[in-house]
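S.K.: Okay, structure incoming, though there's no sequence with it:
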């Protein structure tokens, strides 16, 4: 395939504030062709239709059927179900076993949603709860990959480094895990925010940048072109972030004590590419150009967003986010000369 614009369901507004059908209608109307389904939407939809605060597996599967039908009505492909959180490398192996059971349900949900991809963010539990032992991490992820391979059709897993993940916080570390898992249905999700937000940016710094930001990013992107097999890039997320007016340290209104600064930043202050009026500053076009032109990536491009603006009330919130997202996509198309 060539390039298709997608958007996260959650980026159009929080599940408990904004009707799912309406959000999908606005995404389709704006011109999006695909959607990332966030589990939060699925869970909330199941609670709505069941009246049960803790939906059963059957109720979640029913919700998945309804969500798929809504997306079909609005001509939206479901490109992934995400995020399967806090999985790999757990020191608590009883919790690991519980998550394997949970994945059995997720595989059914993926089938009902007619998607072949589940996204796994690199674990960001505190370091005393997870191991940095790569052998354990790889074995855990192979277990999921083999479960997905046994499905018909095969379910893929897209592993994503988060710029605040406990151990695998760079694309290089995530890619090393993908290589070691060594399964055809286990690949990587590349995210412009999580790449630039780790090697180039630092929201806790007065400058908003790391010490050797430009040179470190240049070297990292050169390694990316040299090392990543583009067939293992399952999809691309494109998003920017606001530069903080003051360092995001203790006392900052966005900072949650005990939470990494980059996580607090991510949850509150992302924005779409090119939104200069919102103070974006990351070199995300450079990262996107490296992935698309340098690696030769073709496929889904998701205009992902987390922001305090999603929790605002009002029917105009999904409208505005859909229009902002597609405007960002169209400018990226123009700048990178995408077909």
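M.R.: Everything's here; your move. Keep in mind it's a predicted model, so treat the numbers as computed, not measured.
S.K.: quick one: residue 114 from residue 62, how far?
M.R.: When CB to CB, to the nearest Å is the yardstick, residue 114 and residue 62 sit 15 Å from each other. Quick note: C-beta positions are derived from backbone N, CA and C, even for glycine.
S.K.: before we move on, what about residue 179?
M.R.: 39 Å.
S.K.: all strands of the stretch 101-250 of the chain, in order?
M.R.: Secondary structure of the stretch 101-250 of the chain (DSSP state E, counting those that start in this stretch): strands at 117-121, 156-160, 186-191, 233-237, 240-241.
S.K.: so which of those gets nearest residue 140?
M.R.: Nearest of the strands of the stretch 101-250 of the chain to residue 140, taken as CB to CB: strand 117-121 at 10.0 Å.
S.K.: so where's the protein shaky on pLDDT?
M.R.: For the chain, residues meeting the criterion pLDDT under 70 lie at 1, 11-17, 309-313.
S.K.: residue farthest from the centroid of it?
M.R.: Most distant from the centre of the chain: residue 51, at 28.9 Å, with distances by CA atoms, centre = their mean.
S.K.: list the contacts for that residue?
M.R.: Listed by CB atoms under 8 Å, 6 or more residues apart in numbering, residue 51 has no contact partners.
S.K.: tell me the phi and psi of it?
M.R.: When read as degrees, to the nearest 10, the backbone of residue 51 gives phi 70, psi 10.
S.K.: now residue 303
M.R.: phi -90, psi 80.
S.K.: what sits opposite it in the beta ladder?
M.R.: residue 7 (DSSP bridges).
S.K.: quick thing: my sequence starts at 5, can you match it?
M.R.: Yes, from this point I'll number from 5; that puts the last item at residue 307.
S.K.: That one: how many residues sit nearby?
M.R.: Other residues near residue 307 come to 27 when the count uses other CB atoms under 10 Å.
S.K.: got it, and residue 330?
M.R.: For residue 330, the number of neighbouring residues by other CB under 10 Å comes to 19.
S.K.: Over to residue 22?
M.R.: 24.
S.K.: what's the closest non-adjacent residue to it?
M.R.: Of all residues not flanking residue 22 in the chain, residue 322 sits nearest, at 5.2 Å (CB to CB, 6 or more residues apart in numbering).
S.K.: Does the one you found lie in a helix or a strand, and which?
M.R.: For residue 322, the host element (DSSP states H and E) is helix 320-340.
S.K.: repeat for residue 266
M.R.: helix 265-273.
S.K.: quick one: contacts of that helix?
M.R.: Outside helix 265-273, the residues within contact range by CB under 8 Å, 6+ apart are 128, 166-168, 197, 201-202, 206-208, 245-246, 248, 252-253, 256, 258-260, 310-312.
S.K.: Report the contact partners of residue 202.
M.R.: Residues near residue 202 by CB under 8 Å, 6+ apart: 165, 167, 173, 174, 266.
S.K.: Spit out the contact partners of the fourth one.
M.R.: To tie it back to what came earlier, the one meant is residue 174. 165, 199, 202, 203, 224.
S.K.: Of these, which pair is most distant in space?
M.R.: Of all pairs drawn from the contacts of residue 174, the widest gap by CB to CB lies between 165 and 224 and measures 11.7 Å.
S.K.: what sits in contact with each of those two?
M.R.: With contacts defined as CB under 8 Å, 6+ apart, the residues shared by residue 165 and residue 224 are 174, 175, 199.
S.K.: Now do the one helix or strand residue 41 maps to against strand 190-195, angle only.
M.R.: Taking DSSP H and E as the criterion, residue 41 maps to strand 38-42. Relative orientation of strand 38-42 versus strand 190-195 (axes from the mean of the first three to the mean of the last three CA atoms, to 10 degrees): 100 degrees.
S.K.: now what about strand 38-42, what contacts it?
M.R.: Residues from elsewhere that reach strand 38-42 (CB under 8 Å, 6+ apart): 8-14, 19, 28, 31, 71, 75, 80-87, 117, 119, 123, 304, 306, 308.
S.K.: One more pass at 7 Å, please.
M.R.: Residues from elsewhere that reach strand 38-42, judged by CB atoms under 7 Å, 6 or more residues apart in numbering: 8, 10-14, 28, 31, 71, 75, 80-86, 117, 304, 306.
S.K.: Separate out the buried members of the residues you listed.
M.R.: 8, 10-14, 28, 31, 71, 75, 80, 82-86, 117, 304, 306 (16 or more other CB atoms under 10 Å).
S.K.: how about the helices of the chain, start to end?
M.R.: For the chain, helices defined by DSSP state H occupy the ranges 24-34, 43-54, 61-77, 97-117, 138-153, 175-185, 196-203, 217-231, 265-273, 288-293, 320-340.
S.K.: returning to what we had before: now the angle from the strand holding residue 41 to helix 24-34?
M.R.: Strand 38-42 runs at 150 degrees relative to helix 24-34, counting by the same axes, to 10 degrees.
S.K.: Give the pairing partners of strand 38-42; include direction for each.
M.R.: Note on strand 38-42: by DSSP bridges, its sheet partners are strand 8-12 (parallel), strand 81-86 (parallel).
S.K.: how about it: buried residues?
M.R.: The neighbour-count check on strand 38-42 (16+ other CB under 10 Å) flags 38, 39, 40, 41, 42 as buried.
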